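K.L.:
Kindly generate the corresponding structure for this input.
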Amino acid sequence: MASRISELVLACRDPELLARFWCEVLDYVELDREEDGSIEIGPREGFGGPQPTIVLSPEDDVPDAGLFRLHIDINATDRDQDAELERLLKLGARHADVGQTGEEPWHVLADPEGNVFCLLRRRLDPL
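P.N.:
Numbering: from 1, shown residues only. Model (predicted):
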């Protein structure tokens, strides 16, 4: 038997802002709030399903965002890459330069706090 990823934890300055952003991006919902200000978001069926949840954990001393050792890759499920890019930019994402050449088949973006993520070209079936 193997392990699988059940949740990702992201330290952030503004959990409310990022919860709204990532819920819109991933079609997630708020699942839980903790007294410390943490917000857990995830798929409508909740924790333990095939998709991991994301815990947005408030931290006062979050380093400037940028290229970290781990980042999120996303794929559109109901539109092509260009249409999804337009939607993400309207939600508050912005283009990020991490040294790409411009020839890559993906777009490097940053969320409202500057956390880098990539929009890949391939379209996936929704779960």
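K.L.:
C-alpha from now on. contacts and neighbour counts both.
P.N.:
Fine.
K.L.:
from what I can see Leu10 touches Val55, true?
P.N.:
Yes: with contacts counted by C-alpha atoms under 8 Å, Leu10 reaches Val55, the gap being 6.1 Å.
K.L.:
Pick out whichever of those two has more residues nearby.
P.N.:
Taking other C-alpha atoms under 10 Å, Leu10 and Val55 do not tie; Val55 has more neighbours (23 against 17).
K.L.:
Which strands or helices does the helix or strand containing that one pack on?
P.N.:
Per DSSP states H and E, Val55 falls inside strand 53-58. Applying 3 or more C-alpha pairs under 8 Å, 6 or more residues apart in numbering; DSSP states H and E, one finds that strand 53-58 contacts strand 7-12, helix 15-26, strand 39-42.
K.L.:
Single out the most deeply packed of those.
P.N.:
Scoring these by mean neighbour count under mean count of other C-alpha atoms under 10 Å gives strand 39-42 as the most buried, with a mean of 24.
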